[in-house]
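A.B. asks: Pasting the sequence and the predicted coordinates here, then a few questions.
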Amino acid sequence: NAGVTQTPKFRILKIGQSMTLQCAQDMNHNYMYWYRQDPGMGLKLIYYSVGAGITDKGEVPNGYNVSRSTTEDFPLRLELAAPSQTSVYFCASSYRGREDTQYFGPGTRLTVL
Amino acid sequence: KQEVTQIPAALSVPEGENLVLNCSFTDSAIYNLQWFRQDPGKGLTSLLLIQSSQREQTSGRLNASLDKSSGRSTLYIAASQPGDSATYLCAVIPQGGSEKLVFGKGTKLTVNP
């Protein structure tokens, strides 16, 4: 099993550009999550999904969009990138949500200039 | 609003020492508490998950305790090794159907050979 994979590892965007961060898991997990981690801060939940076709907002959803068309994939879309979105983005998954631990991907480091 | 605090922010110990990392949370109504490890430039790895009805969990040299009434958890690491050097993050899931993990900012542990 590859676990949770994320692409790209690094990306630099200009203000106003858009991009999609990719996340995939091969563990047949129902629940998937997107977090951002700013320097010296704890992780904050952006969006999560409890299954294909179902998504919900987390703590900091503004400026982001998600979709979940398959169990395996959970892409995060940034529209009109802003410097405040400079962060490290982590995708995670779990089988039974709050009942289980979450498995994290290696992260995408995004810089918006 | 649930807040999670981890003190100290950084800790340096000699190899072989037993140590305790602290985590406190402001609202005792939690579903579970989790401890994670994060290596530099990497994603998070789950160490231990304690359900709200449990008092402790053990895995190898790690032991995590939970005292909901006082809003505290500790992570005990026995016979520390240089390979234990990492940032340790504590996170709680609040009661009430939430899927959101609320993270502390972490304790950066350095174990010196």
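C.D. replies: In hand now; what should we look at?

A.B. asks: sec struct for the spatially most central residue of chain A, please.
C.D. replies: Centroid check for chain A by CA atoms, centre = their mean gives A:Trp34 as the closest residue, at 3.0 Å. Assigned with DSSP: H, G, I helix; E, B strand; the rest coil, A:Trp34 falls in the strand class.

A.B. asks: what residues does chain A put near chain B?
C.D. replies: Applying CB under 8 Å from any CB of the partner chain, we find that chain A lies next to chain B at A:4, A:31, A:33, A:40-45, A:48, A:50, A:56, A:58-59, A:90, A:92, A:97-98, A:100-107. C-beta: built from backbone N, CA, C; applies to glycine.

A.B. asks: Write the ChimeraX selection for whichever of those residues are buried.
C.D. replies: In ChimeraX, this line selects whichever of the residues of chain A next to chain B come out buried by 16 or more other CB atoms under 10 Å in any protein chain shown:
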select /A:4,31,33,42,43,44,45,48,58,90,92,97,98,100,101,102,103,104,105,106,107
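
A.B. asks: Mark which of the residues of chain A next to chain B are part of strands, please.
C.D. replies: Members of the residues of chain A next to chain B lying in strands (criterion: DSSP state E): A:4, A:31, A:33, A:43-45, A:48, A:50, A:56, A:90, A:92, A:103-104.

A.B. asks: Redo these as a markdown table? Include pLDDT and distance to B:Cys90.
C.D. replies: Shown next, in a markdown table, are those (pLDDT from 0 to 100; distance: CB to CB, whole Å):
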| residue | pLDDT | distance to B:Cys90 |
| --- | --- | --- |
| A:Val4 | 97 | 21 |
| A:Tyr31 | 95 | 20 |
| A:Tyr33 | 97 | 17 |
| A:Leu43 | 93 | 11 |
| A:Lys44 | 94 | 15 |
| A:Leu45 | 94 | 16 |
| A:Tyr48 | 96 | 20 |
| A:Val50 | 94 | 24 |
| A:Asp56 | 94 | 24 |
| A:Phe90 | 97 | 16 |
| A:Ala92 | 96 | 16 |
| A:Tyr103 | 94 | 18 |
| A:Phe104 | 95 | 15 |
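
A.B. asks: Could you let me know which of these ends up closest to chain B?
C.D. replies: Comparing these against chain B with CB to the nearest CB places A:Phe104 closest, at 3.8 Å.

A.B. asks: Quick check: that closest one touching A:Ser94?
C.D. replies: No. Using CB atoms under 8 Å, A:Phe104 is not in contact with A:Ser94, being 10.1 Å away.

A.B. asks: Okay, strands next: where are they in chain B?
C.D. replies: Secondary structure of chain B by DSSP E: the strands cover B:4-7, B:10-14, B:19-25, B:30-38, B:44-51, B:56-59, B:62-67, B:72-77, B:86-94, B:102-103, B:107-112.

A.B. asks: Is it possible to get a markdown table of those that adds mean neighbour count?
C.D. replies: Listed next are these as a markdown table, based on neighbours: other CB atoms under 10 Å in any protein chain shown:
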| stretch | mean neighbour count |
| --- | --- |
| strand B:4-7 | 18 |
| strand B:10-14 | 12 |
| strand B:19-25 | 19 |
| strand B:30-38 | 22 |
| strand B:44-51 | 19 |
| strand B:56-59 | 14 |
| strand B:62-67 | 19 |
| strand B:72-77 | 20 |
| strand B:86-94 | 23 |
| strand B:102-103 | 23 |
| strand B:107-112 | 17 |
